[in-house]
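> Task: produce atomic coordinates for the following.
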Amino acid sequence: MHRNLLSAIIEFLQKKITLILFECHLNLTNLQIQILKMNYFKDFWKTYAPYLTDVWQYLIIIVIFIIAGIVYLIIN
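Sure thing, here's the model as predicted:
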């Protein structure tokens, strides 16, 4: 899971760098460049949002177990 997320971030950054280096010289307006960047981000988010959801679920479970452990130690 982490390997896919890391490769997705690297791919996203490569696309962003490519956009800045190769498409900005085409006399695009700032608004057009921002729209292109947002399209890349939207595609990235649609592809990898489920992985981020899994990470949040795991973090919530870990926090619940930590709180339960602290409560157990306080009670006993």
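> Mind listing residues that contact the helix or strand of the chain with the lowest mean pLDDT?
Every helix and strand in the chain was compared by mean pLDDT, DSSP states H and E; the lowest is helix 2-18, with a mean of 72. The list of residues contacting helix 2-18 from outside it, by Cβ atoms under 8 Å, 6 or more residues apart in numbering, reads K37, Y40, F41, F44, T47, Y48, Y51, L52, V55. Any C-beta I mention is one placed from the backbone N, CA and C, and that applies to glycine too.
> Okay, now the unreliable bits of the chain?
Within the chain, the stretches with pLDDT under 70 are 1-3, 17-28.
> longest helix anywhere in the chain?
The residue-count maximum for a helix in the chain (DSSP state H) belongs to helix 30-75.
> between that helix and helix 2-18, how big is the angle?
Angle of helix 30-75 versus helix 2-18, following axes from the mean of the first three to the mean of the last three Cα atoms, to 10 degrees, is 150 degrees.
> tell me what helix 30-75 is packed against?
Packing contacts for helix 30-75, counted by 3 or more Cβ pairs under 8 Å, 6 or more residues apart in numbering; DSSP states H and E, involve helix 2-18.
> quick one: buried residues of the helix it packs on?
Of the residues in helix 2-18, those scored as buried under the neighbour-count criterion (16 or more other Cβ atoms under 10 Å) are F12, K15.
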